[in-house]
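[1] Prediction below, plus the sequence it came from.
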Amino acid sequence: MAMATRTAHVICPADELPPGSRKIVDIGGRSIGVFNVGGELFAIRNSCPHQGAPLCQGTIGGTMLPSDPHEYVYGLEDRLLRCPWHGWEIDIATGSPRWNHARGRARTYRAAIEDGQVVIEV
Amino acid sequence: MTTAAPHQASQHSANIALRTIDCDVHPHLKDGLKTLGPYLPKAWRRRLLGDVSLGWGKEVYASQLSLPKNDIYINPVGSMRRDAFPEDGSVPGSDPALVVTQLLDGCGVDRAVLMGGNVFGLGALPDPDAAAVIASAYNDWLGEVWLDHDPRFRGALVVAPQDPQLAAAEIDRLGDRPGVVQVFLPLMQLLMGERHYYPIYAAAERHGLPIALHPNSVDGIYQKAATLAGGVPTYYVEWHAALTQVFQANVISVACHGVFERFPGLKLVIAEGGVAWLADVMWRLDKNWQALRDEVPWVKRLPSEYIVDHVRFTTQPFLEPSKPEHLWTMLEIVQGEKTLLFSSDYPHWDFDNPLQALDRVPESMRERIRGGNAIELYGDRLA
């Protein structure tokens, strides 16, 4: 399979994206959200695979895990990005809807701190 | 099939040539509650029948149609087939010999599942003990008068939903009686996902018996009866068309409460509850689940998958759209080759003829609906 050519893009100095913050940037006409979640960086296309909502304006959190009837077990803390329109829970690392993959996924990109700069590869 | 419950077997295990299984046929008490007199304990005979010239026995329980009576919505064409009255003029469905002649022999029905009749509305009775005692008497009457009459009859035990422990005890008492194939649960104003019902589900699962539902004759009429949505219908036609709301509400309830996660062997049969609404309910539940599943995280799969796996629907009153392709599409959406059970509703006015009703069903699923799905559901209990 041919590898698409990826280009590194500098987003901002690392100290402008502290844990718990995000930036939504435009890269070549693509809106992409870059997140610092507890020191871990994620970059994800700002478009929900369901109906194109601005996904990266959603909240980051966890959810109730599959459980026995009438019991709640909270988990996946900080692993889910919840779409601001219809509430779909998107895995922030993979861009896939966490519970039903039928509608495809949001594109994700490698994100890292290099030489004190937040860099993503698009 | 070592993992199957004793009475749940694969579609191949019933070693008999069955073609048409009628999954909704109604036996009626020839003389209302008085018919159950011999099956009631003495004290309850006194309590319920007492002096019939004064008590409920005359005013309410003498009804040949439902206990309690529905005096509000009266079918203007009569709720019974006009040609199904026995010669003595008693209510249709009260003479087993006539049902044999007219339905089994007359329409090529190989097995008929008898259910309800007068006891459809039992859940509306305010007295849980009276409801349970009537249920037990009815079940003994059903066995003696019907199930022992012809080897093609099968029956649904009725249980009173008001006291789930009594209902479970009744299932344990008669659940393995020859001829019994399911438990009929009259509904009341408490949706079926609620824990109140779980002892009943546990008992049904223990005996490998599906739980069957049916319109309850008194929906929306008594305070304890299942309610109808939106308000109070004016006409019988309006009330009758609205009855499917009750089943929509209950299917949604069991799906959202994870009833089939808790009771993985449980099956539900919705008799005469409609079919086409299922498309909307399944799509709507599945769509909501995408966003709202963390409120009910025990719903681990798409809600529609639980419905297709665990709920069966009888066909009558069958879909009669003007364009046959609309029927075909709807049958495909609701996965009729798996979910639908043929029923005639004999001897009611809106009967579907076993010899004709499925003629427009595609061949690919016609025999499944006519009998295959029922054989898969009831297994050796049909043998």
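    Cool, got the structure.
[2] so which residue of chain A comes closest to chain B?
    When scored by C-beta to the nearest C-beta, chain A has residue A:87 as its residue closest to chain B, at 3.2 Å. From N, CA and C alone the C-beta is placed, and that goes for glycine too.
[3] Regarding that residue, what is its secondary structure?
    coil (DSSP: H, G, I helix; E, B strand; the rest coil).
[4] quick one, what contacts it?
    B:290-292 (C-beta atoms under 8 Å, 6 or more residues apart in numbering or on different chains).
[5] what residue ranges in the chain score low on pLDDT?
    Unless you meant another one, I'm taking chain A. A:1-4, A:101 (pLDDT under 70).
[6] you looked at the wrong chain, it should be chain B
    Using pLDDT under 70, chain B drops low at B:1-16, B:51-65.
[7] Spell out which parts of it neighbour chain A.
    B:195, B:257-259, B:261-262, B:289-295, B:297-298, B:300, B:302 (C-beta under 8 Å from any C-beta of the partner chain).
[8] For residue B:184, grab the count of nearby residues.
    27 (other C-beta atoms under 10 Å in any protein chain shown).
[9] Check the spacing between the residue of chain A closest to chain B and residue B:282 real quick.
    19 Å (C-beta to C-beta, to the nearest Å).
[10] can you check residue B:293 too?
    For residue B:293, the distance to residue B:282 - C-beta to C-beta - is 15 Å.
[11] what comes into contact with stretch B:96-103?
    B:22, B:25, B:27, B:83-84, B:86, B:93, B:109, B:112, B:145-146, B:149-150, B:152-153, B:344, B:346-347, B:354.
[12] Compute the distance between the residue positioned nearest the centre of chain A and residue A:45, please.
    Residue closest to the average C-alpha location in chain A (C-alpha atoms, centre = their mean): residue A:92, at 3.7 Å. Distance of residue A:92 to residue A:45, given as C-beta to C-beta: 12 Å.
[13] Skip the chain neighbours and tell me the closest residue to the closest residue to chain A within chain B.
    At 3.2 Å from chain A, residue B:291 is the closest residue in chain B, using C-beta to the nearest C-beta. Excluding the flanking residues, the one nearest residue B:291 by C-beta to C-beta, 6 or more residues apart in numbering or on different chains is residue A:87, at 3.2 Å.
[14] and what of residue B:224?
    In space, residue B:224 is closest to residue B:124, 4.9 Å off (C-beta to C-beta, 6+ apart).
[15] What is the burial count for the one you found?
    Neighbours around residue B:124, by other C-beta under 10 Å: 27.
[16] can you pull the contacts of residue 116?
    Using chain A here. Per C-beta under 8 Å, 6+ apart, neighbours of residue A:116: A:13-14.
[17] wait, I meant chain B there
    Residue B:116 neighbours (C-beta under 8 Å, 6+ apart): B:26, B:156, B:158, B:184, B:186, B:214.
[18] Determine which two of those residues are furthest apart.
    Longest distance between any two of the contacts of residue B:116 is 13.5 Å, between B:26 and B:186; criterion C-beta to C-beta.
[19] the strands in chain B, which residues?
    B:21-25, B:30-33, B:111-114, B:153-158, B:180-184, B:211-213, B:268-270, B:311-314, B:340-341 (DSSP state E).
[20] winner for burial among those strands?
    Compared across the strands of chain B, strand B:21-25 shows the largest average neighbour count, a mean of 29 (mean count of other C-beta atoms under 10 Å in any protein chain shown).
[21] Parallel or antiparallel, list what pairs with it.
    strand B:111-114 (parallel) (DSSP bridges).
[22] Buried only: go through the contacts of residue A:87 for me.
    For the contacts of residue A:87, a neighbour count by 16 or more other C-beta atoms under 10 Å in any protein chain shown gives the buried set as B:290-291.
[23] Which of the contacts of residue A:87 fall in helices?
    Using DSSP state H, the members of those that fall in helices are B:290-292.
[24] wait, which of the residues you listed is closest to residue B:50?
    residue B:292 (52.5 Å).
[25] Can you read off the backbone torsions of the spatially closest residue to the closest one that is not a sequence neighbour?
    For residue B:292, ignoring the flanking residues on the chain, the nearest one in space by C-beta to C-beta, 6+ apart is residue A:87 at 6.9 Å. Dihedral angles of residue A:87 (phi, psi; degrees, to the nearest 10) stand at phi 80, psi 10.
[26] what's around the nearest residue to residue A:72 once chain neighbours are set aside, how many residues?
    Spatial nearest neighbour of residue A:72, excluding adjacent residues (C-beta to C-beta, 6+ apart): residue A:64 at 5.3 Å. Other residues within reach of residue A:64, judged by other C-beta under 10 Å, total 17.
[27] Which residues does stretch B:140-155 contact?
    Counting by C-beta under 8 Å, 6+ apart, residues outside stretch B:140-155 touching it are B:27, B:29, B:35-36, B:39, B:96-97, B:100, B:104, B:109-115, B:157, B:174, B:177-181, B:378, B:381-382.
[28] Can you tell me which of those are buried?
    B:27, B:29, B:35-36, B:39, B:96, B:100, B:104, B:109-115, B:157, B:174, B:179-181, B:378, B:381-382.
[29] and residue B:261, what is it in contact with?
    A:68-69, B:298-300.
[30] What of residue A:110?
    So residue A:110 contacts A:6, A:43, A:120-121 (C-beta under 8 Å, 6+ apart).
[31] What is the helix or strand residue A:119 falls within packed up against?
    Using DSSP states H and E, residue A:119 falls within strand A:117-121. The helices and strands touching strand A:117-121, judged by 3 or more C-beta pairs under 8 Å, 6 or more residues apart in numbering or on different chains; DSSP states H and E, are strand A:8-13, strand A:30-37, strand A:108-114.
[32] Ranking those by mean neighbour count, which comes first?
    Using mean count of other C-beta under 10 Å, strand A:30-37 ranks as the most buried of these, with a mean of 20.
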